[in-house]
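Novice: Fold the following for me, if possible:
(2 chains)
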Protein chains: 2
Amino acid sequence: MAERSLIFPRAEYERRIAALQSRMAAAGQDALLLTTAADVFYVTGFLTRFWESPARPWYMVIPATGAPVAVIPAIGADLMGRCWIEDIRVWPAPDPRDDGVSLLAQTLSDLVPEGGAIAVPMGLETQLRAPLADFACVQRRIGDRKIVDGTDTLQRVREVKSDLEVAAIRESCAIAGRVFDRVPEFARAGVPLSQVFRDFQIALLQEGADWVSYVAGGAGPGGYGDVISPADDRPLQAGDVLMLDTGAVRNGYFCDFDRNYSVGPPDAETAKAQEALWQATEVAIKELRPGRRACDVHTVLADALTDHGTQPLGGRLGHGLGVTLTEWPSFTQLDETELVAGMVLTLEPGIEIAPGRCLVHEENILLTDHGAELLSPRAPRLLPELST
Amino acid sequence: MAERSLIFPRAEYERRIAALQSRMAAAGQDALLLTTAADVFYVTGFLTRFWESPARPWYMVIPATGAPVAVIPAIGADLMGRCWIEDIRVWPAPDPRDDGVSLLAQTLSDLVPEGGAIAVPMGLETQLRAPLADFACVQRRIGDRKIVDGTDTLQRVREVKSDLEVAAIRESCAIAGRVFDRVPEFARAGVPLSQVFRDFQIALLQEGADWVSYVAGGAGPGGYGDVISPADDRPLQAGDVLMLDTGAVRNGYFCDFDRNYSVGPPDAETAKAQEALWQATEVAIKELRPGRRACDVHTVLADALTDHGTQPLGGRLGHGLGVTLTEWPSFTQLDETELVAGMVLTLEPGIEIAPGRCLVHEENILLTDHGAELLSPRAPRLLPELST
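Specialist: Reported below is the predicted structural model:
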């Protein structure tokens, strides 16, 4: 059991810590406290589905200088020890008297000088994955050390993907791409949507996904009603548009893109919507550059859809992607985040054809100094047809 | 799109709200604020994998009397509207200026009198699934209303399963049971553990799981090292014990049990450990009664293992189960939660055979007034053999 359990070389994680510490120094932060599966995986390589159990909190402390410290349940010591972390402090969780509170407070007090600042991600798209009462208790036990907002510190680092990360996302995208090509094997008129969802997940595993954290989709005549509902048992029928969307995971990295299919030939309105979505994505791929803002991408996509005589869906039209299914920024009118080279993003234009009837398209791209590079295989321009 | 999307009849959710409101009244709480996928599903029936995206917070407010109020991103309005919730307040999330904060603060101010108490689950096994800074902002905007701990209010209700819930968990257990019987079809000497994990997930989907939120396991000579690591590519070999553990989901309800297999015949030490685990579970099944405490179950299991000349693993030896993979209480020496009829629990004795070499057994049971009733098909007493 002594072998390493890391997906990337140790140097990759050391680079991440150095980048975080550089941001921390600039912001006057003396430690960064992380609690979520994605953040812990990002800094340690600690990959497990055990996070599905809400029973225990897990803490990583990145000091201003030096190596990160894990403050975790004893059950994770072995796996964390096979990552690159050497300072691992454990308690026998779950402990109803003190579930790591004293150990975390002591660790923070050891690593952060009195009056120092402990950064915790607390802004948009963040969560504290620990009991609120425990966090309040830690705050009371760390003297005059302050808790400050670490969102920017974390997000400005995580959002720029290394070559290793891009390769991992590309692999997840390739797995999903092979499966989208196989959809006509198991989806046709008469097959209930719930069965299509099951077969889609099976195919993702067959093509190499480690697990399938996200599947969404919809089916309906000339478009679907919403894109977050679980599958019902209604059989596909001629004239339906079927959409499947997945966040399949390989080595801890997600893809997040979808494909649409027409059961039999699409009607003119559906074909027009598909053409508009495909062309809007083309425009965005051509125009994306570092230095543009997230809201600019929204404008590019929405304008292209309008130019094609279609009505853009409300809500965001794309977002970041990586160690979670979705990451910041959001392609909305309000998000002024500046795009930088190394971001992995989804372009997700959507059209409202009629109330309760929409079509959504999605691709995954890497932003480079020269523009967008596709990570997902480009969707076919014409809707693939499923047999009736 | 007008059809209902509920798994259970509306009366089931109304019963849950009434039970929560009764607890709230007894505790002097004027509202209960819920934020997690499981808690929102529990009170509304709102079931979606969209929670995989950390981008947006979701809020449910249960007032002291009357119907619950959803304060959610606009993208969820359609699906929530097809549940039984009528008062649905939405905002266009994610909004970097105000991501539902004003709407939630206003809703709490509408529903809770000045000076009133708003309960939020903040104790063991809880999380606030919303940005910490947003929560702090809401607190500043609700005048002299107080935030109090709602853990007990929520957990004492959620932990007692209705007949409908028990039937749902039984169905998930049956799915996994059928798959465990099929493991010899795809696991044998020479097959990499990573492939076994994939085929195991495929079989769970084939047998009716909607999705597979959790798979764990391990394999090694005469036992495995830990039970939370992802699968590696090492091929199974004669003398290995293979363990597979799953939280497969059907209709939003989990199972959580495992099975062990021997690649070829087990050695005497492994067979002895299997016998001890099986017998310890028998003892616990016979002795479990409402009124005993969680720590008593730990004692029963640990004593039975010791009586069989084996060394119990540290950590908990079982836990609750339901709309999450694991729920309170925990079978540890420290958890004094009183067991009550209607709890669904796992019995999870584990043995340390040698350092880095363990065997873990798990069953799912319903606690009734008369004792334990198995929900998982009982594991075979002797280790099933896989071909070499």
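Novice: From now on I want contacts and neighbour counts done on CA atoms only, so please keep to that.
Specialist: Noted.
Novice: so how far is A:Gly220 from A:Arg188?
Specialist: If you measure A:Arg188 against A:Gly220 using CA to CA, to the nearest Å, the figure is 13 Å.
Novice: Please enumerate the shared neighbours of the two.
Specialist: A:Leu236 (CA atoms under 8 Å, 6 or more residues apart in numbering or on different chains).
Novice: close enough to count as contact, A:Ala77 and A:Ile88?
Specialist: Yes. In terms of CA atoms under 8 Å, A:Ala77 counts as a neighbour of A:Ile88; the distance is 7.0 Å.
Novice: Now A:Ala302: which helix or strand?
Specialist: helix A:294-307 (DSSP states H and E).
Novice: Next SSE downstream of that helix?
Specialist: Once helix A:294-307 ends, the next helix or strand along the chain (criterion: DSSP H and E) is strand A:318-320.
Novice: Partner strands of that next one and their direction?
Specialist: Next to strand A:318-320 in the sheet, as set by DSSP bridges, lie strand A:327-330 (antiparallel), strand A:344-347 (antiparallel).
Novice: Adding mean neighbour count, write the ones you listed out as CSV.
Specialist: Compiled in CSV, the strands paired with strand A:318-320 are given as follows (neighbours: other CA atoms under 10 Å in any protein chain shown):
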stretch, mean neighbour count
strand A:327-330, 26
strand A:344-347, 27
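Novice: Same list (these) but as a markdown table, adding mean pLDDT and distance to B:Thr107.
Specialist: Formatted as a markdown table, the entries for these read as follows, by pLDDT from 0 to 100; distance: least, CA to CA, whole Å:
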| stretch | mean pLDDT | distance to B:Thr107 |
| --- | --- | --- |
| strand A:327-330 | 98 | 26 |
| strand A:344-347 | 98 | 34 |
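Novice: would you turn the ones you listed into a markdown table with distance to B:Asp30?
Specialist: Rendered in a markdown table, the data for the strands paired with strand A:318-320 read as follows (distance: least, CA to CA, whole Å):
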| stretch | distance to B:Asp30 |
| --- | --- |
| strand A:327-330 | 35 |
| strand A:344-347 | 42 |
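Novice: Select, out of the ones you listed, the one closest to A:Ala216.
Specialist: Among the strands paired with strand A:318-320, the nearest to A:Ala216 by CA to CA is strand A:344-347 (15.6 Å).
Novice: what's the distance between that closest one and the middle of its chain?
Specialist: 10 Å (CA atoms, centre = their mean, to the nearest Å).
Novice: Give the buried residues for the helix or strand just after it.
Specialist: Using DSSP H and E, the next helix or strand after strand A:344-347 towards the C-terminus is strand A:350-354. Judged by neighbour count using 16 or more other CA atoms under 10 Å in any protein chain shown, the buried positions of strand A:350-354 are A:Gly350, A:Ile351, A:Glu352, A:Ile353.
Novice: per-residue confidence for the second one?
Specialist: Just to be clear, that refers to A:Ile351. Here the pLDDT value assigned to A:Ile351 is 97.
Novice: and it, bridged to which residues?
Specialist: Beta-bridge pairing for A:Ile351 (DSSP bridges): A:Pro312, A:Leu359.
Novice: quick one: contacts for it?
Specialist: The contact partners of A:Ile351, taken as CA under 8 Å, 6+ apart, are A:Ala273, A:Leu277, A:Leu305, A:Thr310, A:Gln311, A:Pro312, A:Leu313, A:Cys358, A:Leu359, A:Val360.
Novice: Equivalent analysis for the last one, please.
Specialist: Contact criterion CA under 8 Å, 6+ apart gives A:Gly223, A:Glu269, A:Ala273, A:Thr310, A:Gln311, A:Leu359 as the residues in contact with A:Ile353.
Novice: Which of those are buried? Put it as a PyMOL command.
Specialist: What follows is the PyMOL syntax selecting those of the contacts of A:Ile353 that are buried according to 16+ other CA under 10 Å:
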select buried, chain A and resi 223+273+310+311+359
